[in-house]
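K.L.:
Kindly generate the corresponding structure for this input.
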Amino acid sequence: MKKLILFLPLILLAFVKVYVNKKIIYPGDEVVYTIEATGNNIKFPDIKKIDNFPILGHSESENISIINGNMQKSISKSYIFSPTKSITIPSFNVIVDNKTYKTKPIKIEVTTPKETNNTNYKLSISVNKKNVFIGEPVILKIKFFKNINSNPQSIGIQRPSFQDFFVKELSQKTYNKNNYSVTEYSFLLIPQKAGNYKIGPILAKIGYLSQENNPFNDPFFNMMFSTIKYKNIYSNSIDLNISPIPSNTIYGNFKANLIANKTEIKANEPVKVTLNIQGCGDFYDLGNFKLNIKDATIYENSPNIKTFIKNNKLCGTYTKEFTIISNHNIIIPPITFNSFDGKIHNIKTNKIFIKVKENNIQKQIPTKNKIKEVIKTKIVYKNNYIELIIAVIVGIIIGILATVLIKNIKIKNEDNLIKQIKKANDKELFNILLEFSNNPEIEKILKQLEENIYSGKKNKINKKEIIKIVKKLTNL
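P.N.:
Prediction:
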């Protein structure tokens, strides 16, 4: 009896232990890390990440037992995470009955799986080329084969890891081949750094119903005693060798040109210039080209890039529009850049000259003969006072009529301009206001309109304020 009394306190002592469901895993496998503590007052650590791998889920269970009237509580808390490399789960602090316990570190080894050999399922990856340059597009294909007679509950295919690659999904299609249903995914990969890279293996999780013991021995109850379990199918892996390209070059071969909608304009009349680039290569690495023109105001939109696959190459077009305003002749220098596809190409656009007409008409200097004629006329008028009086009266009448006519034309022009501003959408208003772009207030409004038109912003445009500014500028 004394031995039993001495032994009971040992059973009731607090303790902490940790364990995992498996210590050797494949990339994509889930590890269940469990901390179990026994005591009356237990505080678990707040774990959100383990070695930078996020906690995907957690669960908790509690067990209470009474021994000879003494209650003992045991709580287990599990954390699920999915490491992609070998790690060591660190030590954590667990507080039990105001005492701190440190858990033991646990090593998790992540190994590379071999391609799964299964008669019902197969997963494979392939590329069109394994030795490429930085910026040279690669076509990656993922194929999942499913036997047409198999009926899984679910299929989940892991996306490969594409660090240091620009990635774009191109297509997905399903077809039948040799008693298999094949789902094929195509990706465009553009390497951004030189080096040796491994893609895969990737994982497909196949969910299927597993029958548990049916105590009723009746097929009717099979679904009640079934659970979904998962089978892992691994693909092959691929090695890619990425070589560097010369500095200040873009992979590919292109043609480029500049086009202006007018080659002769009035002073401060807007002219539209378009940069067109076409060819095959890394279009996504083409820069945001600028125009540098002295004594000119330049507006520009964002580049418009359209790409397509041709003979396993990334081809397409690059278009960028500029609007230029100047009161001097405009010289647009060529835009140049270098590309590389095994050899260096110097890409150069054409040069454009746009003539700007003078608005100011030079005053004519009268010749000696004209001066003589004017003097002669004055002498004649002095000798004929009646004709002089008539001429003065006629001149006054013509002047009044001209003033009234000009005022009416001015009012009419004002009405037309105001009507245009009131009815105009953002693009039309932008074109109307370009001739007033030298004014700082109009310049600010033009920038807001440009953002609305080309960047999809929704700047509020106050047309009443615009009309006030325009009236001041035109002295209407």
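
K.L.:
What's the first helix or strand after the least confident helix or strand in the chain by mean pLDDT?
P.N.:
One helix or strand of the chain scores below all others by mean pLDDT, DSSP states H and E: helix 2-12, with a mean of 37. Scanning forward in sequence from helix 2-12 by DSSP states H and E, the next helix or strand is strand 15-20.

K.L.:
What helices and strands are in contact with the host helix or strand of L473?
P.N.:
For L473, the host element (DSSP H and E) is helix 463-474. With contacts defined as 3 or more CB pairs under 8 Å, 6 or more residues apart in numbering; DSSP states H and E, helix 463-474 has these neighbours: helix 385-423, helix 426-433, helix 440-455. Where you see a C-beta, it was placed from the backbone N, CA and C, and this is true even at glycine.

K.L.:
go with 7 Å
P.N.:
helix 385-423, helix 440-455 (3 or more CB pairs under 7 Å, 6 or more residues apart in numbering; DSSP states H and E).

K.L.:
how much does that helix deviate in direction from helix 440-455?
P.N.:
Per axes from the mean of the first three to the mean of the last three CA atoms, to 10 degrees, the angle that helix 463-474 makes with helix 440-455 is 130 degrees.

K.L.:
between helix 463-474 and helix 426-433, how many degrees?
P.N.:
Orientation of helix 463-474 against helix 426-433 (the same axes, to 10 degrees) gives an angle of 20 degrees.

K.L.:
how about helix 463-474: buried residues?
P.N.:
466-467, 469-470 (16 or more other CB atoms under 10 Å).

K.L.:
next one: stretch 259-268
P.N.:
Applying 16+ other CB under 10 Å to stretch 259-268 flags 260, 265, 268 as buried.

K.L.:
hmm, back to that, who touches the helix holding L473?
P.N.:
Around helix 463-474, the neighbours that count as contacts under CB atoms under 7 Å, 6 or more residues apart in numbering are 417-418, 421-422, 436, 439, 441-442, 445.

K.L.:
Which of those residues sits closest to I157?
P.N.:
I445 (51.9 Å; CB to CB).

K.L.:
which sections of this structure are below the confidence cut-off?
P.N.:
Within the chain, the stretches with pLDDT under 70 are 1-14, 67-69, 211-226, 359-392, 394-395, 398-414, 475-476.

K.L.:
can you list the domain ranges for this protein.
P.N.:
Domain assignment for the chain by automatic domain parsing gives 2-110, 121-243, 251-357, 375-474.

K.L.:
chain center to stretch 145-164, what's the gap?
P.N.:
The chain centre lies 27 Å from the centre of stretch 145-164; the measure is CA atoms, centre = their mean, to the nearest Å.

K.L.:
CA atoms of it as PDB?
P.N.:
In PDB, the C-alpha atoms belonging to stretch 145-164 read as follows (Å, rounded to 0.1, in the frame of the first residue of the first chain):
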ATOM      1  CA  PHE A 145      -2.600  10.400 -68.100                       C
ATOM      2  CA  LYS A 146      -5.600   8.700 -66.500                       C
ATOM      3  CA  ASN A 147      -6.800   5.200 -67.500                       C
ATOM      4  CA  ILE A 148     -10.300   5.600 -69.000                       C
ATOM      5  CA  ASN A 149     -11.600   2.800 -66.700                       C
ATOM      6  CA  SER A 150     -10.400   4.500 -63.400                       C
ATOM      7  CA  ASN A 151     -12.800   6.800 -61.500                       C
ATOM      8  CA  PRO A 152     -11.000   8.800 -58.900                       C
ATOM      9  CA  GLN A 153     -12.900  11.100 -56.500                       C
ATOM     10  CA  SER A 154     -10.500  14.000 -57.100                       C
ATOM     11  CA  ILE A 155      -7.300  14.900 -59.000                       C
ATOM     12  CA  GLY A 156      -5.000  17.700 -57.900                       C
ATOM     13  CA  ILE A 157      -1.900  18.500 -60.000                       C
ATOM     14  CA  GLN A 158       0.900  20.600 -58.400                       C
ATOM     15  CA  ARG A 159       2.200  23.600 -60.200                       C
ATOM     16  CA  PRO A 160       6.000  23.500 -60.800                       C
ATOM     17  CA  SER A 161       8.300  26.000 -59.000                       C
ATOM     18  CA  PHE A 162       9.400  28.700 -61.400                       C
ATOM     19  CA  GLN A 163      11.900  30.800 -59.500                       C
ATOM     20  CA  ASP A 164      13.800  33.200 -61.800                       C
END
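
K.L.:
need the strands for the stretch 251-400 of the chain, in chain order.
P.N.:
264-266, 271-281, 297-300, 304-310, 313-325, 330-332, 336-340, 344-348, 352-357 (DSSP state E, counting those that start in this stretch).

K.L.:
Which neighbouring elements make contact with the last one?
P.N.:
So the one you mean is strand 352-357. strand 250-260, strand 264-266, strand 330-332.

K.L.:
same thing with the first one?
P.N.:
For strand 264-266, the contact count by 3+ CB pairs under 7 Å, 6+ apart identifies strand 352-357 as packing neighbours.

K.L.:
Can I get the strand it packs on in PDB, CA atoms only?
P.N.:
What follows is strand 352-357, C-alpha atoms only, in PDB (Å, rounded to 0.1, in the frame of the first residue of the first chain):
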ATOM      1  CA  ILE A 352      11.300  61.800 -89.000                       C
ATOM      2  CA  PHE A 353      11.200  65.500 -89.900                       C
ATOM      3  CA  ILE A 354       7.900  67.400 -89.400                       C
ATOM      4  CA  LYS A 355       7.700  70.900 -90.800                       C
ATOM      5  CA  VAL A 356       5.800  73.500 -88.700                       C
ATOM      6  CA  LYS A 357       4.300  76.400 -90.600                       C
END
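
K.L.:
Endpoints of stretch 317-334, how far apart?
P.N.:
With CA to CA, to the nearest Å as the measure, stretch 317-334 spans 19 Å from end to end.

K.L.:
which residues are contacting that stretch?
P.N.:
Residues from elsewhere that reach stretch 317-334 (CB under 7 Å, 6+ apart): 258, 267-268, 270-278, 283, 286, 289, 291, 293, 295-301, 303-306, 348-356, 434, 437.
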